[in-house]
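Asks: Need the 3D shape of this:
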Amino acid sequence: MFVPDPASALWRHESVQCVIVPDGDAVQVELRNAAGAAFLRKFAPTVQAALNEAEFLRLLLRGDERRVRAGGLKPFAIVVEENRYDADVVIDALKVSGMRAFPCRSGAEAVCMAREVTPDLIVLTYELPDMNGVEVCRHLREDASTASIPIIVLSTDVEAVRSESCTADAVLTKPCPAETLSAAARLFIRHLTVPEDADC
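Replies: Below you'll find the predicted structure:
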């Protein structure tokens, strides 16, 4: 399993950097200012949980420049996962975050569907039968009609995904706790206004 080098930052955002620091059998996720002083520390029981926490904090700081899409329906997501059980787990997590979700079993199907319906979010696993998650992202980013759709990639090897210059908005370690995925999804739809009585 990947163990981050505590001397290097996982990510930087303006003057903030995020590092993971070993703490006995657990780890700490630290946000540090420009002077290198930690101003936020979060405990995580495992490196995998720490990587997900670091990604969540990155999304919080990033903000969102996407345009608000008008409409009375709940935000819509495409879930790209070959395994039916894993797809259901992701769909349930997205429902908790206030979204509707539709499953796809392959990368090609996801790209075609995204072009047809322009979802508010795409959640895809790296391991797919026809192409990997990085290739799916590349196809979506190259098409003007899908280039700005937020994408979350789930993978058992986060560093391998990043080493391929993945263009996803977030990369979470798999298996990803439902509450982590739900919270991340909310960050991507927080700019959308959803009617309180919307049920579909």
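Asks: Can you pull the poorly scored residue ranges out of this protein?
Replies: Low-confidence regions of the chain, defined here as pLDDT under 70, cover residues 1-8, 63-72, 191-200.
Asks: How is it divided into domains?
Replies: Using automatic domain parsing, the domains assigned to the chain come out as 11-62, 76-189.
Asks: From start to finish, how long is the last one in a straight line?
Replies: Across its full length, domain 76-189 reaches 9 Å between end residues, using CA to CA, to the nearest Å.
Asks: what does the longest helix that the chain contains contact?
Replies: Secondary structure of the chain read by DSSP state H shows that its longest helix is helix 47-62. Residues from elsewhere that reach helix 47-62 (CB atoms under 8 Å, 6 or more residues apart in numbering): 1-4, 10-11, 13, 16, 18, 20, 27-29, 31, 40, 42, 44, 158, 169-173, 176-177, 180, 183-184, 187-188. In short, each C-beta sits where N, CA and C put it, glycine included.
Asks: out of these, which are buried?
Replies: Taking 16 or more other CB atoms under 10 Å as the criterion, what is buried in those is 4, 10, 16, 18, 20, 27-29, 31, 44, 158, 169-173, 176, 180, 183-184, 187-188.
Asks: What degree of burial does R186 show, as a neighbour count?
Replies: The local packing of R186 (other CB atoms under 10 Å) involves 16 other residues.
Asks: go on, S165?
Replies: Considering only other CB under 10 Å, S165 is surrounded by 9 other residues.
Asks: circling back to that earlier point, next step: the contacts of helix 47-62 restricted to strands.
Replies: Per DSSP state E, strands hold the following members of the contacts of helix 47-62: 11, 13, 16, 18, 20, 27-29, 31, 40, 42, 44, 170-173.
Asks: gap between the residue of the chain positioned farthest from its centre and K42?
Replies: Distance from the C-alpha centroid of the chain, by CA atoms, centre = their mean, peaks at A35 (28.9 Å). Here the distance between A35 and K42 works out to 20 Å (CB to CB, to the nearest Å).
Asks: Could you say which of the domains of the chain is packed most deeply?
Replies: Among the domains of the chain, domain 76-189 has the highest mean neighbour count (mean count of other CB atoms under 10 Å), at a mean of 19.
Asks: what distance separates that domain from the middle of the whole chain?
Replies: 7 Å (CA atoms, centre = their mean, to the nearest Å).
Asks: Perfect, that will be all.
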